[in-house]
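A.B. asks: sequence and predicted structure are below.
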Amino acid sequence: MISNGVYSVLLLLGSNVFMTLAWYGHLKLKADYSWFASLPLLGVVAFSWFIAFFEYCLQVPANRIGFIENGGPFDVMQLKIIQEVVSLSVFTLFTVIAFKTELKWNHFAAFICLIMAVYFVFKK
């Protein structure tokens, strides 16, 4: 059986895929599809809200299941730091794949800082 902590992180991973698509996917769609490029801003916002609905369908349960007062292993600060690391990891993969972004030394330095943030937030 999957523990609440693992289940929570998996839900956060799925949630952040939808979040990244909702927040940044429209930039790629605009570049690749003329019909999408012709949408007014309100249409793009509605499209993103539709995708963000699925983000929330995963994000809220992830926090509820992972929260220590609901039987999970994480306090609220730990949940937030995990979410940030997952979010930036998903975003990085998305930009490398979709936008062909080249990772530079400062990106790796930022990831090291994130790893340090995880270490410190979990330190007792």
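C.D. replies: Done, it's in.

A.B. asks: top helix in this protein by residue count?
C.D. replies: Longest helix of the chain, by residue count under DSSP state H: helix 4-32.

A.B. asks: buried stuff in that helix?
C.D. replies: Across helix 4-32, burial judged by 16 or more other Cβ atoms under 10 Å covers 4, 7-9, 11-26, 28-29. All C-beta atoms are positioned from the backbone trio N, CA, C, and that covers glycine.

A.B. asks: that helix packs against which elements?
C.D. replies: On a contact count with 3 or more Cβ pairs under 8 Å, 6 or more residues apart in numbering; DSSP states H and E, helix 4-32 meets helix 34-37, helix 41-66, helix 76-98.

A.B. asks: in a markdown table, list those helices along with mean neighbour count and mean pLDDT.
C.D. replies: Shown next, in a markdown table, are these (neighbours: other Cβ atoms under 10 Å; pLDDT from 0 to 100):
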| stretch | mean neighbour count | mean pLDDT |
| --- | --- | --- |
| helix 34-37 | 10 | 82 |
| helix 41-66 | 16 | 95 |
| helix 76-98 | 17 | 94 |
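
A.B. asks: residue 112: which of the ones you listed is closest?
C.D. replies: Of all these, it is helix 76-98 that lies closest to residue 112, at 11.8 Å by Cβ to Cβ.

A.B. asks: neighbouring contacts of the helix or strand that comes right after the closest one?
C.D. replies: Per DSSP states H and E, helix 76-98 leads on to helix 105-122 as the next helix or strand towards the C-terminus. Helix 105-122 has contacts (Cβ atoms under 8 Å, 6 or more residues apart in numbering) with 77, 78, 81, 82, 84, 85, 88, 92.

A.B. asks: I appreciate the help and will end here.
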